[in-house]
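**Student:** Starting from these lines, generate the structure:
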Amino acid sequence: MGIFGAMITAVTGLRAQSYALENISGNIANSQTTGFKRVDTSFEDLVPDLPVRQQSSGAVSAFSRGTNTIDGPLNSTGVGTNIALSGEGFIVVRDRADYVGGLPTFTASNLYTRRGDFELDKNGFLVNGAGNYLVGYQVDPTTDTIVGGAPDVLRFTNDQVPARASTTITYRANLPALPQTANYDSTVPNSELITATGFAVDPRGNAGTVTAAEETSFLNQTISGGSVTMFDPLGNAITAQLRWGKSASVASGGTDTWELFYMTNSNATGTQVKWANAGSNFTFNSSGQLTSATSVNISAMTIDGTNLGTIAFAPGAGGLTQFADISGQYKPTALNQDGYAAGSLLRLNINDAGRVQAIYSNGQTSSIAQIAVAQFNADNMLKRRDGGTFEETLESGQPLYAPSSTSVISGTVEGSNTDIAEEFSKMIVTQQAYSANTRVVTTSQQMLQDVLNIIR
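**Tutor:** Numbering: from 1, shown residues only. The predicted structure follows:
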């Protein structure tokens, strides 16, 4: 039986090395496949049950060994919808089952992949290069929180984002301790202040106004406060021009006080009101810090006939200061507002938090979905499928969603974890082992022939 046993053992060796060569061939063939995980080969000895002093080394069997937990190289693509995962975990996708009414239908079970070269198709789905559809959660763009239960195939439409009326002006700037107005004269005390002189109605105070005929006098006593584009509920753009007037100072025996004005009617003539007082005083201490409210409301703010309602003017804590400035003009650091016009979807982007962000033509960006990421207790026990996907098995365990150990890298895809040099080294060793097994078969055959020759 020794000769026959040697021949049978050598045949198992041939089978095992052939299996290893098949895996090596597949790894090399997929060395440039996005998200591919190579398959290594492990060998297991098969020992017959014999007495201790008659044990043999036995035959061999080959098995696959997964490398699903080994990352491939990261390749930057610059495509906003391309993603790669760092650490263990898989992107959740689904296969297309059929087409109904021009739209795809999907299989009920999720698949898992590391292939993240997703792009938007004509129907609004994010599909990777293998034809798998991205799965995730819907996100409320207003609260930025996930809504719904189990993850599902994500679809994005070209619906317009509605206009939003302006409600708040965010304003951060420094007002000069000594404003260089057109009327300012260093030899004339308090010439930098705005007064009631030259106005039919005192412009200072809550009800202060300036007519078109008084505008020149007003401009000579104030400095620019910048301008900001506001939006009404329909998304119409309206420019709000602002000016600052210093109405009191420590040098004049009072407290450093400023008043804000906005142009209410750009087409005003004669005695028609052109500028209106915002209705609040802004006072500063000797250190140049704002001592009045950090946010005030401009009631019924009306510009060129459009009533914008109550607008919050919000410099915030430390946002509005009064320090010396050689130019004598205001120096802004932030001037914006929270309204915007209606807009249509331009493109999608997946950020490093895994949020799918919609970028609209009006410059707005909002999170509208969260990709699903799953991890398994036994990643290498997943069943391989076409297109770099895997499916859950009893051995892998159930998926654990949103693992904390996995991070998303935007604008990048993961390459194959196949190392060509390593695979060629394994191929040489496999070839030598295969040749050695064929030598054993040849030798066993020759020995068997010698035994038959004895009988003859």
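**Student:** Roughly how far does F199 sit from G254?
**Tutor:** From F199 across to G254, the span is 20 Å (C-beta to C-beta, to the nearest Å). Bear in mind the C-beta positions are built from the backbone N, C-alpha and C, glycine included.
**Student:** Give me the more crowded residue out of those two.
**Tutor:** Of the pair F199 and G254, F199 is the one with more neighbours under other C-beta atoms under 10 Å, namely 19 against 12.
**Student:** Q398 against E392, yeah?
**Tutor:** Yes. Counting by C-beta atoms under 8 Å, E392 is a contact partner of Q398 at 6.8 Å.
**Student:** list the residues that contact both of the two?
**Tutor:** Common neighbours of Q398 and E392, counting by C-beta atoms under 8 Å, 6 or more residues apart in numbering, are F376.
**Student:** So which of the two has more stuff around it?
**Tutor:** Comparing Q398 with E392 by other C-beta under 10 Å, the one with more neighbours is E392, at 18 against 10.
**Student:** Might one say that that one is in contact with F376?
**Tutor:** Yes. The pair E392 / F376 is scored as a contact, 7.5 Å apart, by C-beta under 8 Å.
**Student:** got any residues that touch both of those two?
**Tutor:** Contacts common to E392 and F376, judged by C-beta under 8 Å, 6+ apart, are 112, 382, 398-399.
**Student:** Which one (most neighbours) among those residues?
**Tutor:** With neighbours set by other C-beta under 10 Å, the maximum within the shared contacts of E392 and F376 is found at Y112, which has 27 neighbours.
**Student:** tell me which element that one is part of?
**Tutor:** Y112 is part of strand 111-113, with elements assigned from DSSP states H and E.
**Student:** just checking, what packs against that strand?
**Tutor:** Packed against strand 111-113 by the contact rule (3 or more C-beta pairs under 8 Å, 6 or more residues apart in numbering; DSSP states H and E) you find strand 90-94, strand 389-391.
**Student:** List of residues touching that strand?
**Tutor:** Applying C-beta under 8 Å, 6+ apart, the contact partners of strand 111-113 are 35, 90-95, 128, 130, 132, 374, 376, 382, 385, 387-392, 399.
**Student:** on that earlier part again, please tabulate the helices and strands packed on strand 111-113 in CSV, including the columns mean neighbour count and mean pLDDT.
**Tutor:** Output for the helices and strands packed on strand 111-113, formatted as CSV (neighbours: other C-beta atoms under 10 Å; pLDDT from 0 to 100):
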stretch, mean neighbour count, mean pLDDT
strand 90-94, 26, 96
strand 389-391, 20, 96
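**Student:** Nearest to T306 among the ones you listed would be which one?
**Tutor:** Within the helices and strands packed on strand 111-113, the stretch nearest T306 is strand 90-94; the backing value is 47.9 Å (C-beta to C-beta).
**Student:** quick one: the closest one to chain centroid distance?
**Tutor:** With C-alpha atoms, centre = their mean, to the nearest Å as the basis, the distance from the averaged C-alpha position of strand 90-94 to the chain average is 18 Å.
**Student:** What lies in contact with it?
**Tutor:** Residues outside strand 90-94 that contact it (C-beta under 8 Å, 6+ apart): 83, 85, 106-107, 109-116, 128, 132-136, 151, 153, 371-376, 379, 389-390, 399, 401.
**Student:** So which of those belong to strands?
**Tutor:** Secondary structure from DSSP state E places 83, 85, 106, 111-113, 133-136, 151, 153, 371, 373-375, 389-390, 401 of those in strands.
**Student:** Narrow these to just the buried residues.
**Tutor:** Buried positions within the ones in strands among the contacts of strand 90-94, assessed by neighbour count (16 or more other C-beta atoms under 10 Å), are 83, 85, 106, 111-113, 133-136, 151, 153, 371, 373-375, 389-390.
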